[in-house]
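S.K.: structure, please.
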Amino acid sequence: MPANTSLKPVAVLILGAAMIIPLAACGNAAESGSDGAPTDDTAELTGYDVSGVEKDDAIAALLPESVTKDGKLTVGMDTSYAPAEFLAEDGKTPIGYDVDLVKALANVFGLEADPQTANFDTIIPSVGSKYDIGVSSFTVTPERLDAVDFVTFYKAGSTWVTRDGNPDGVDTSDLCGVKVAVQTGTSQEEAISEMNEQCKADGKKEIDVLSSKLQTDVTTNVVTGKAAVFYADSPVAGYAVSQTDGELQTLGSDEGVTKEGAVVKKGDTATDQALQQAFQKLIDDGTYMKILKYWGVESGAVDMAEINPTDLN
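M.R.: Just a heads-up that it's a prediction; the model follows:
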């Protein structure tokens, strides 16, 4: 996360259950500044207050009955991906900047936000049946666009992370023979797979890929030395480094900054248009930027929400 953020989380590293759980010290979350962020180190992270976001009848009317009939906006999320979506100190409440944006969207639609925890690789196949939409730091790729629609609202790159001091001497320009941790189903896993094919084509040792369902497990595998390096979205990588008290460091600069978006069932143009207009409303009225600043991730802000963009950068 950027160093100039007003967000000051205090984390506890827990490795006993092979998980890294970002926690904040208990405090009075109601004491917040004008930007909605906690005003001191003791404030518990609960998210940006979006209760002031009101329903927009015209935008809400765009949603199909398949979404509105139960009064909820049901959203699939992988809640192991801090600071975008993860679980609060109670271990069950989703928080993060994606969660706050979903709550704001639901308010625009006059619906109740219902973020549901899921494994990342199961969300896209379940959109349109189990979930109304998917919001989980999904990078927009041509392959995914063949399967689902996207409404973009953020941009992020990918970052390499290793143990502090790079004790394994990882050179990200040549990962052949290196044990790399990555989350299952992510664009980073796809990138590692392509690198591995090149290793094989060059007659070198294959990359030893350690794929995990949860990003928390990916991070832990590097902290404990089970893998030499991991690859993840830049905001997530930066947050992991900040929460491990000097255990980790990034390698090189961010790579491949691309658009991220909410996933919609392929061909559901009504939901596409409703989401695009709702996101744009939040961007235009300043709510969007306030949420991103609360979490210290405003560097990935965009000024326009798009449906199925052709330019992914």
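S.K.: can you pull the pLDDT of Thr39?
M.R.: pLDDT, Thr39: 39.
S.K.: what's the worst-scoring helix or strand of the chain on mean pLDDT packed up against?
M.R.: None of the helices or strands of the chain scores lower by mean pLDDT, DSSP states H and E than helix 234-243, at a mean of 87. Applying 3 or more Cβ pairs under 8 Å, 6 or more residues apart in numbering; DSSP states H and E, we find helix 234-243 packed against strand 148-163, helix 215-223, strand 248-265. C-beta coordinates here come from the backbone N, C-alpha and C atoms, glycine included.
S.K.: ok, now which ones touch Ile307?
M.R.: Applying Cβ atoms under 8 Å, 6 or more residues apart in numbering to Ile307 gives the contacts Asp149, Phe150, Val151, Asp272, Gln273, Gln276.
S.K.: show me the shaky parts of the protein.
M.R.: 1-44 (pLDDT under 70).
S.K.: which residues touch the residue with the largest distance to the centre of it?
M.R.: Going by Cα atoms, centre = their mean, the residue of the chain most distant from its centre is Gly203, 35.6 Å out. By Cβ under 8 Å, 6+ apart, the contact list for Gly203 is empty.
S.K.: likewise Gly300?
M.R.: Tyr154, Lys155, Ala156, Ser234, Pro235, Glu260, Leu292.
S.K.: ok now stretch 80-98, how far from the chain's centre?
M.R.: Mean C-alpha position of stretch 80-98 versus that of the full chain (Cα atoms, centre = their mean, to the nearest Å) differs by 10 Å.
S.K.: please apply the same query to stretch 122-137.
M.R.: 14 Å.
S.K.: contacts for that stretch?
M.R.: 66-67, 72-78, 81, 84-85, 98, 101-102, 115-116, 118, 120, 138, 144, 147-148, 154, 156, 233, 235-236, 260, 262-266, 268, 271, 275.
S.K.: drop anything exposed from the residues you listed.
M.R.: 67, 73-78, 81, 84-85, 98, 101-102, 115, 118, 120, 138, 144, 148, 154, 156, 233, 235-236, 260, 262-265, 268, 271, 275 (16 or more other Cβ atoms under 10 Å).
S.K.: before we move on, back to that, what would the helices and strands packed on helix 234-243 look like in a markdown table with distance to Ala191?
M.R.: Output for the helices and strands packed on helix 234-243, formatted as a markdown table (distance: least, Cβ to Cβ, whole Å):
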| stretch | distance to Ala191 |
| --- | --- |
| strand 148-163 | 7 |
| helix 215-223 | 14 |
| strand 248-265 | 8 |
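S.K.: what about the strands in the protein?
M.R.: 72-77, 80-81, 85-87, 94-95, 112-117, 133-139, 148-163, 179-183, 208-212, 229-233, 248-265, 306-307 (DSSP state E).
S.K.: JSON lines please, covering the ones you listed and showing distance to Ile192.
M.R.: Converted to JSON lines, the strands of the chain look like this (distance: least, Cβ to Cβ, whole Å):
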{"stretch": "strand 72-77", "distance to Ile192": "23"}
{"stretch": "strand 80-81", "distance to Ile192": "17"}
{"stretch": "strand 85-87", "distance to Ile192": "22"}
{"stretch": "strand 94-95", "distance to Ile192": "27"}
{"stretch": "strand 112-117", "distance to Ile192": "25"}
{"stretch": "strand 133-139", "distance to Ile192": "14"}
{"stretch": "strand 148-163", "distance to Ile192": "10"}
{"stretch": "strand 179-183", "distance to Ile192": "5"}
{"stretch": "strand 208-212", "distance to Ile192": "6"}
{"stretch": "strand 229-233", "distance to Ile192": "6"}
{"stretch": "strand 248-265", "distance to Ile192": "12"}
{"stretch": "strand 306-307", "distance to Ile192": "28"}
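S.K.: among these, which comes closest to Val297?
M.R.: Taking Cβ to Cβ, strand 148-163 is the member of those nearest to Val297, at 8.2 Å.
S.K.: quick one, the closest one and helix 234-243 angle?
M.R.: Interaxial angle of strand 148-163 relative to helix 234-243 (axes from the mean of the first three to the mean of the last three Cα atoms, to 10 degrees): 30 degrees.
S.K.: pull the CA atoms of strand 148-163 into CSV?
M.R.: What follows is strand 148-163, C-alpha atoms only, in CSV (Å, rounded to 0.1, in the frame of the first residue of the first chain):
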residue,chain,number,x,y,z
VAL,A,148,-18.4,-13.6,-19.2
ASP,A,149,-19.0,-9.9,-19.4
PHE,A,150,-17.0,-7.3,-17.4
VAL,A,151,-17.7,-3.9,-16.1
THR,A,152,-14.3,-2.3,-15.3
PHE,A,153,-13.7,-0.1,-12.2
TYR,A,154,-10.0,-0.4,-11.2
LYS,A,155,-6.6,-1.1,-12.6
ALA,A,156,-3.7,-3.0,-11.1
GLY,A,157,-0.4,-4.6,-12.1
SER,A,158,1.3,-7.8,-10.8
THR,A,159,4.2,-7.9,-8.3
TRP,A,160,6.8,-10.5,-7.2
VAL,A,161,7.3,-11.0,-3.5
THR,A,162,10.0,-13.0,-1.7
ARG,A,163,11.4,-13.2,1.8
